[in-house]
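**Student:** any chance you can model this:
(one chain, ligands or ions: 2)
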Amino acid sequence: MLLGCIGDDFTGSSDLANTLAKGGMRTVQYTGVPTRDAAADVQAGVVALKSRSIDVREAVAQSLAALEWLRAQGCTQFFFKYCSTFDSTPLGNIGPVADALADALDAHRVIVCPAFPGTGRSIYQGHLFVNDTLLSESGMQNHPVTPMTDADIRRWLAPQTRFSVGHVGAGDVFAGAAQIGTALEAQHEAGHRLIVVDAIRDADLLEIGKAARDLPLITGGSGVALGLPANFGCTAAQVPWTGQGGKAVALSGSCSNATRAQVAHHARTHPAREIIAADVIEGRLSAEEIADWLIAAEGVPLAYSSADPQAVAQVQETFGGARASEALEAFFADVARHAVAKGATRIITAGGETSGAVVEGLALETLEIGPEIDPGVPALRARPDLVVALKSGNFGAEDFFAKADRVLGAPHERGEAARTDLPAGQIAV
Ligand SMILES: Nc1ncnc2c1ncn2[C@@H]1O[C@H](COP(=O)(O)OP(=O)(O)OP(=O)(O)O)[C@@H](O)[C@H]1O
Ligand SMILES: O=C(O)[C@@H](O)C(=O)CO
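**Tutor:** Ligands and ions are numbered 1, 2, ... in the order given. Here you go, the predicted structure:
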């Protein structure tokens, strides 16, 4: 293994794995820290944690355990993947995890770059934009767990880290890799260790990637990984894929604007059933009943708890946010387990936490990275008879659910039949 990656959530990890696989690296995503060695031919390993919003000490401990495993696999460079909207609070977890990894790797010029132009995230003069609005005016200021009320990433990161935060501005980035390297060195000499780097276009990210060639640790969204495969001699390639026939089901626990638009769009032409949060929390609805409905329904049936901010606030006020989230995530995991037991072979999930719960509930240990469905969302093979797509809340076009089903089911470009030869947990990219 060459490049070792640690992702702070499951959908974000598949977003990063997608970029690396498209760049030609043989990439595998692992659910949590594996207990055995990776296959010998894996070039990039992404250890997916659910560490974005957990207790900071636990997030650091899990990330260091992931680092240890990745080091043992032979990796020479490491990547800490967090959200392109820098989801964190003034207490962490991005800063403390980056600090701990920097210490462990003796890294002193640590790039901090959440930019992902393909989904509208850019950084200019240290400020993060979502399309044409500052992060703090993009809707992310209302996020229930990590409200992002300041778009200045330098200022947001400062209270989270023990180190001084530096900045490489757009002027240096536009001048290319050599100048980025010089600017990183100047920031280091000025006493800064975590260095926010501007990027507004993919071309900027490719130059940053070149400049990062010899850095032990890079942190950011998936965008800044664009240039890394080339440093290892890999070239962009079509990602091989064998489609999976059979029954598709879609599950959505994401309440983001993008997902709610996708749910509304899908419900116009496919069977869709709303999951009422109170029914789940108070035990009036069984997961098996929903799985039966999904299996019996035509097309790509969707079960969703996605609701607007007022409805979510009402549920949280009545039951408490943590209780509601736990109950709904456990419910979707149960629905997925029953649906797979009853024959589902293609599972599409929306929402980082929801997807994480489903992947853990189904005990999917490794995910083979397939072709991109929409920016940041790849098709994934979990088992010889099961494929999945894990969509971050804010990602995907309006027709995402139907499109995901088409890509998951698409025949291999060389026309091979679906594979049945590989045992679970031993799947190569
Ligand atoms: N109707 C609802 N009322 C209250 N909470 C809900 C409701 N539906 C879903 N939830 C909870 O809201 C949370 C949504 O988080 P999730 O990470 O799945 O989506 P997201 O935040 O849109 O995605 P991402 O993290 O990828 O941006 C989950 O914990 C889910 O269980
Ligand atoms: O970087 C992103 O925006 C996503 O991969 C993600 O992490 C959303 O949860």
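**Student:** residue 286 is in contact with residue 331, correct?
**Tutor:** No - the criterion here is CB atoms under 8 Å, and residue 331 misses it with residue 286 at 9.2 Å. Placement of C-beta: from N, CA and C, glycine included.
**Student:** compare these two (neighbour count), which wins?
**Tutor:** The neighbour count for residue 331 versus residue 286, taken as other CB atoms under 10 Å, is higher for residue 331 (26 against 15).
**Student:** residues in contact with the residue nearest to the more buried one when sequence neighbours are not counted?
**Tutor:** Closest residue to residue 331 apart from its sequence neighbours, by CB to CB, 6 or more residues apart in numbering: residue 280 at 4.7 Å. Residue 280 makes contacts with 305, 327-328, 331, as judged by CB atoms under 8 Å, 6 or more residues apart in numbering.
**Student:** outline the domain layout of the protein.
**Tutor:** What automatic domain parsing lists as the domains of the chain is 3-231, 247-414.
**Student:** can you give me phi and psi for residue 48?
**Tutor:** Torsion angles at residue 48 (phi, psi; degrees, to the nearest 10) stand at phi -90, psi 120.
**Student:** and if you look at residue 333?
**Tutor:** Here is the backbone geometry of residue 333 (degrees, to the nearest 10): phi -60, psi -40.
**Student:** how much space separates the residue lying closest to it once chain neighbours are set aside from residue 291?
**Tutor:** Nearest non-adjacent residue to residue 333, counting by CB to CB, 6+ apart: residue 361, 2.7 Å away. In this view, residue 361 and residue 291 are 12 Å apart by CB to CB, to the nearest Å.
**Student:** also residue 58?
**Tutor:** 32 Å.
**Student:** near ligand 2, which residues of the stretch 251-400 of the chain?
**Tutor:** 352, 376, 392 (CB under 6 Å from any ligand atom).
**Student:** now do 5 Å
**Tutor:** 352, 392 (CB under 5 Å from any ligand atom).
**Student:** ok, the residue in the stretch 251-400 of the chain positioned nearest to ligand 2 - contacts?
**Tutor:** Residue of the stretch 251-400 of the chain nearest ligand 2, by CB to the nearest ligand atom: residue 392 (3.6 Å). Listed by CB under 8 Å, 6+ apart, the contact set of residue 392 reads 11-12, 15, 83, 351-352, 376-377.
**Student:** one step back: in terms of neighbours, single out the busier of residue 361 and residue 291.
**Tutor:** residue 291 (23 against 19).
**Student:** helix/strand/coil for the closest residue in space to the more buried one that isn't next to it in sequence?
**Tutor:** Excluding the flanking residues, the one nearest residue 291 by CB to CB, 6+ apart is residue 338, at 3.4 Å. Recorded secondary structure, residue 338: helix (DSSP: H, G, I helix; E, B strand; the rest coil).
**Student:** any idea how many residues pack against residue 338?
**Tutor:** Residue 338 is flanked by 19 other residues according to other CB under 10 Å.
**Student:** any idea how far residue 222 is from the closest residue in space to residue 162 that isn't next to it in sequence?
**Tutor:** Among residues not flanking residue 162 along the chain, residue 99 sits closest, at 5.3 Å (CB to CB, 6+ apart). Going from residue 99 to residue 222 by CB to CB gives 22 Å.
**Student:** neighbour count winner among these two?
**Tutor:** Neighbour count, other CB under 10 Å: between residue 99 and residue 222, residue 222 has more, with 29 against 19.
**Student:** just the helices from the stretch 1-150 of the chain, written as ranges.
**Tutor:** Under the criterion DSSP state H, counting those that start in this stretch, the stretch 1-150 of the chain carries helices at the ranges 10-22, 56-72, 94-105.
**Student:** which residues touch residue 400?
**Tutor:** Counted by CB under 8 Å, 6+ apart, residue 400 has contacts 262, 266, 350, 373-374, 377, 391.
**Student:** the residue nearest to residue 331: which element?
**Tutor:** Per DSSP states H and E: residue 280 is located in helix 277-281.
**Student:** before we move on, what about residue 166?
**Tutor:** Residue 166 belongs to strand 165-168, assigned by DSSP H and E.
**Student:** just checking, next helix/strand downstream of that strand?
**Tutor:** With DSSP H and E, the next secondary element past strand 165-168 is helix 170-174.
**Student:** contact partners of that next one?
**Tutor:** With CB under 8 Å, 6+ apart, helix 170-174 has contacts from 124-125, 179-180, 182-183, 197-200, 204, 207-208.
**Student:** could you redo the last one with a cut-off of 7 Å?
**Tutor:** 124-125, 179-180, 183, 197-200, 204, 207-208 (CB atoms under 7 Å, 6 or more residues apart in numbering).
**Student:** inside strands: which ones of the residues you listed?
**Tutor:** Cross-referencing the contacts of helix 170-174 against strands under DSSP state E gives 124, 197.
**Student:** out of the contacts of helix 170-174, the closest to residue 77 would be?
**Tutor:** For the contacts of helix 170-174, the residue nearest residue 77 by CB to CB is residue 208; the value is 13.8 Å.
**Student:** spit out the contact partners of the closest one.
**Tutor:** Residues counted as contacts of residue 208 (CB under 7 Å, 6+ apart) are 111, 113, 173, 180, 197, 199, 224, 227.
**Student:** ok, so of those, who is nearest residue 218?
**Tutor:** Nearest to residue 218, judged by CB to CB, of the contacts of residue 208 is residue 111 at 5.0 Å.
**Student:** need the helices for the stretch 201-350 of the chain, in chain order.
**Tutor:** Counting by DSSP H, counting those that start in this stretch, the stretch 201-350 of the chain has helices at residues 202-211, 228-231, 257-267, 277-281, 287-296, 309-319, 321-341.
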